[in-house]
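K.L.:
Structure, please.
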Amino acid sequence: MVLLNRSSVEQRVEIAWKGAEFTWCETASTQLENAVTKLAGLGAEVVVAPGSIVTVSNVALGGAPAQA
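P.N.:
The predicted model follows:
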């Protein structure tokens, strides 16, 4: 899921999508370049700063794919 904040005020989003558990959060902005954090799980709150793009996923972000 991708969250965009085009406003001048930070937005707080609680993600409670039944059947989907997002575990990773990646933020890209003029201040942060692909900052990856782990989410608390179902019902986690995500803060989207002004001008930021946030991606939440259940796939590990920010690393190289595992070799088979």
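
K.L.:
Okay, now the unreliable bits of the protein?
P.N.:
For the chain, the stretches flagged by pLDDT under 70 are 41, 62-68.

K.L.:
ok, so what distance separates the most centrally placed residue in it from Pro50?
P.N.:
In the chain, the centroid-proximal residue (Cα atoms, centre = their mean) is Cys25; its distance is 2.9 Å. Here the criterion is Cβ to Cβ, to the nearest Å. By it, Cys25 lies 17 Å from Pro50. Quick note: C-beta positions are derived from backbone N, CA and C, even for glycine.

K.L.:
returning to that earlier point: residues of the helix or strand that the residue nearest to the centre of the chain is a member of that come out buried?
P.N.:
Assessed by DSSP states H and E, Cys25 sits inside strand 24-28. Using 16 or more other Cβ atoms under 10 Å as the test for burial, strand 24-28 gives Trp24, Cys25, Glu26, Thr27.

K.L.:
The residue nearest to the centre of the chain contacts Val36, correct?
P.N.:
Yes. At 7.1 Å, Cys25 counts as touching Val36 under the criterion of Cβ atoms under 8 Å.

K.L.:
Residues that sit against both of the two, list them.
P.N.:
Common neighbours of Cys25 and Val36 (criterion: Cβ atoms under 8 Å, 6 or more residues apart in numbering): Leu61.

K.L.:
For the residue nearest to Glu21 when sequence neighbours are not counted, give me its contacts.
P.N.:
If the residues on either side of it in the chain are set aside, Glu21 comes closest to Leu42, at 5.4 Å by Cβ to Cβ, 6 or more residues apart in numbering. Under the criterion of Cβ under 8 Å, 6+ apart, the neighbours of Leu42 are Ile15, Ala16, Glu21.

K.L.:
before we move on, what about Asn5?
P.N.:
Gln11, Val48, Ala49, Pro50, Gly51, Ser52, Ile53, Val54.
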